[in-house]
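>>> I'll drop the sequence and a predicted model, then ask my questions.
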Amino acid sequence: IFSANQALLAAKAGARYASPFLGRVDDIGNDGLNLLSEIVELYANYDFDTEIIAASIRHPQQVVAVALTGADIATIPYKTFEQMIRHPLTDKGMDLFLKDWEKVKSLAPIR
């Protein structure tokens, strides 16, 4: 799906899923998240059962935006999934925790 019109036609035809390709829409200078927002609103207005699979997701911030906009499903590349897990403050916090644990562990044996 590349337009709200296509999404509307798919839902009217009884499609179980509609999959707007957000990254590809962005690639041609349009706004993929705006397209998703239009589709979510259309489906809500008419209580369509068609689920929205947001596709062509490119980065972690887009995953959050897609979820907040109301997509039912998102296809996420493995690289993006890995980026979602990592955060520099988490890594720093884990390092500090492990260093503190080593200090405490050496002070009193666990019985």
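Noted; the coordinates are in hand. Numbers count the residues shown, from 1 in each chain.
>>> use CA for all of it now, contacts and neighbours both
Fine.
>>> which outside residues touch the worst-scoring helix or strand of the chain on mean pLDDT?
Lowest mean confidence among the helices and strands of the chain (mean pLDDT, DSSP states H and E): helix 88-107, at a mean of 88. Under the criterion Cα atoms under 8 Å, 6 or more residues apart in numbering, not a single residue lies in contact with helix 88-107.
>>> quick one: secondary structure of the spatially most central residue of the chain?
Nearest to the geometric centre of the chain sits residue 63, at 2.2 Å (Cα atoms, centre = their mean). State at residue 63, reduced to three classes by DSSP: H, G, I helix; E, B strand; the rest coil: helix.
>>> Spatially nearest residue to it, not counting backbone neighbours?
Distances taken as Cα to Cα, 6 or more residues apart in numbering place residue 57 nearest to residue 63, at 6.8 Å, with adjacent residues excluded.
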